Every structure is written in structure tokens, then in C-alpha cells.
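Q: Dropping a prediction and its sequence here:
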Number of protein chains: 2
Amino acid sequence: MDEECCDMRGMLGFLILFLVSKKPMHGKEIADEITKRKGEKPSPGTLYPAIKNLREAGFLDEQKEGKAITYTLTPSGKKALTVAKRKFCKIFLGVFP
Amino acid sequence: MDEECCDMRGMLGFLILFLVSKKPMHGKEIADEITKRKGEKPSPGTLYPAIKNLREAGFLDEQKEGKAITYTLTPSGKKALTVAKRKFCKIFLGVFP
DNA sequence: TTATATATATCGGATGACCGATATAATTAG
DNA sequence: CTAATTATATCGGTCATCCGATATATATAA
């Protein structure tokens, strides 16, 4: 909450699933894409635990490539995203032009 | 985070501003509308402090009517919502069909 | 080889969303 | 009138998002 806008926190796991559904990504790429959309870079302390949670929930697969770890959606991750998208669109119906 | 979907928490203040921008509402009405959209009722402990924060930020005006308090957007609340909507649409670009 | 840059990961702390329970206030029902 | 219902509000606690700082691991540069 600041002077010109309300707090826009939340939905991080959902956003990560959505981004990774578009193409496989490693952590830094996810961070960069979120930076682009939010205008602000998420800190490592935010991003990596969130990725870890999604992995532990079985929604993300990881593939180590050198020092980077590339994430893709698991089948249940795809299902979760489908459900989440439906929920999201219902909650925020009318916001998008 | 549950088994079939990621955590969808967040954006509560934004959602309240958006709902109130459509028509003046009292607390219970806001709760009912959120119930409709989320399929789950927000608890009083969630809703009223969030409304209070928005009021204190100057985004909501209140008008007591019997025991109900009807909320409307202040001019700066309208501005805040405009900014927030732009941010929201950018962050979640591509999610809505 | 060592030094630097870059990607990943964790830590302790803060804040908002969230809960269920409880309390208060006003209106309606009996 | 009293009792029940309904709307608002707070409380103590949990959890995810969020931060900046720090640590670890890997690749690249010198």
C-alpha cells in the first residue's frame, strides 16, 4: 500500500506457473519476466522459495543445465494451472478490457 | 497451495476497490460478492481490516446507514484503482482469454 | 592458475492475506 | 419488552509474499 496505489501482492505461484507454461525457464529468466511485467525485480528470497514450493507440490520439473536449472510444468502442474486460470478469471472478471 | 491448485492469495485490496467502483457497497455486500467470485467466503478477520486499511489510505469514503456502512471510492481511490488496473493488466497479460 | 561474474539458495525479519473465535452494535422477530 | 438475527469490528495466530543480506555453486575472464 503506497500513496498512489493499493498493495498488489500475491498470486506469485500462479504467475510462475503461467510463465513456465509458455516456455521452459530457469530461475533467472522467471525473475526477468516478472521484472518486465511488474516493473520491479523480485528478490531471490521471494522467488526461489516460491519455485521450491511449486516443485515440492509436484507442479514443476527441474532439469539442471550447467549451473542453471530449467523448469517445466509437470502434467499435474498443467492441471493446476488450468484450474487456477479458471479461478483467476472468475475472481477478476471485468477487470480486463 | 492445495493438491489441485496453487495458492491464489492476494490482491484483496485491489479487488475491494474494483468491486466498490462498480457500485457503493457495505461490508457484507463486498463479502457476498467476493464469495460469489471465489466460491469461498472471506472471514471478517480478513475483510474488515482490509476495508479499514483502504479507508485509512484515503481510498474509501464511508456513509453509515443504520447499522450498515456503505463505502464509495474517493477521488484518490478512483485514481489508485486506475493505476492498479493498469498494473494488474500488465502483470497478468495473456491470462485472460 | 586465480579472480570475477552470474545463477541458485537460504536466512531472519516485515507485511498483508487469511483464519476462526469473540465482541460490539443495530435491527428484527417473538 | 426480551431474544434472536444480522452487520461490523477486533483478536491472536498461521502462512505466503516480500525484502535485503549472505552463502554456495558454476561459468567465464584475466
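A: Nice, thanks for sending it over.
Q: Could you tell me which residues make contact with A:Gly94?
A: Remark: with contacts taken as C-beta atoms under 8 Å, 6 or more residues apart in numbering or on different chains, A:Gly94 is in contact with B:Phe18, B:Lys22. The way it works is simple: take the backbone N, C-alpha and C, and place the C-beta from them, glycine included.
Q: any idea how far the residue of chain A found nearest DNA strand D is from chain B?
A: When distances are taken as C-beta to the nearest atom of the strand, chain A reaches nearest to DNA strand D at A:Gly45, 1.8 Å away. As judged by C-beta to the nearest C-beta, to the nearest Å, A:Gly45 and chain B stand 17 Å apart.
Q: Just the element for that residue, please.
A: According to DSSP states H and E, A:Gly45 maps onto helix A:44-56.
Q: Restrict that helix to CA atoms and write it as CSV.
A: Backbone C-alpha positions of helix A:44-56 (Å, rounded to 0.1, in the frame of the first residue of the first chain) are rendered in CSV as follows:
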residue,chain,number,x,y,z
PRO,A,44,15.8,-14.1,-4.6
GLY,A,45,14.3,-14.5,-1.1
THR,A,46,10.9,-14.3,-2.7
LEU,A,47,11.4,-16.2,-5.9
TYR,A,48,13.4,-19.3,-5.0
PRO,A,49,11.2,-20.4,-2.1
ALA,A,50,8.2,-19.9,-4.3
ILE,A,51,9.7,-22.1,-7.0
LYS,A,52,10.7,-24.6,-4.4
ASN,A,53,7.2,-24.8,-3.1
LEU,A,54,5.8,-25.4,-6.6
ARG,A,55,8.4,-28.1,-7.2
GLU,A,56,7.6,-29.8,-3.9
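Q: what's the burial count for the residue nearest to A:Gly13 when sequence neighbours are not counted?
A: Nearest residue to A:Gly13 in three dimensions, chain neighbours excluded: B:Cys6, at 3.9 Å (C-beta to C-beta, 6 or more residues apart in numbering or on different chains). Using other C-beta atoms under 10 Å in any protein chain shown, the number of residues around B:Cys6 comes to 26.
Q: Confirm that B:Cys6 sits in a strand.
A: No - remark: B:Cys6 does not belong to a strand; assigned using DSSP: H, G, I helix; E, B strand; the rest coil, it is coil.
Q: so it makes contact with A:Leu17?
A: Yes - the pair B:Cys6 and A:Leu17 passes the contact test of C-beta atoms under 8 Å, sitting 5.9 Å apart.
Q: Return the per-residue confidence for A:Cys6.
A: The predicted structure scores A:Cys6 at 89 on the pLDDT scale.
Q: what sits against it?
A: Contacts here follow C-beta under 8 Å, 6+ apart; on that basis A:Cys6 touches B:Gly13, B:Phe14, B:Leu17, B:Leu54, B:Ala57, B:Phe59, B:Ala80, B:Leu81, B:Ala84.
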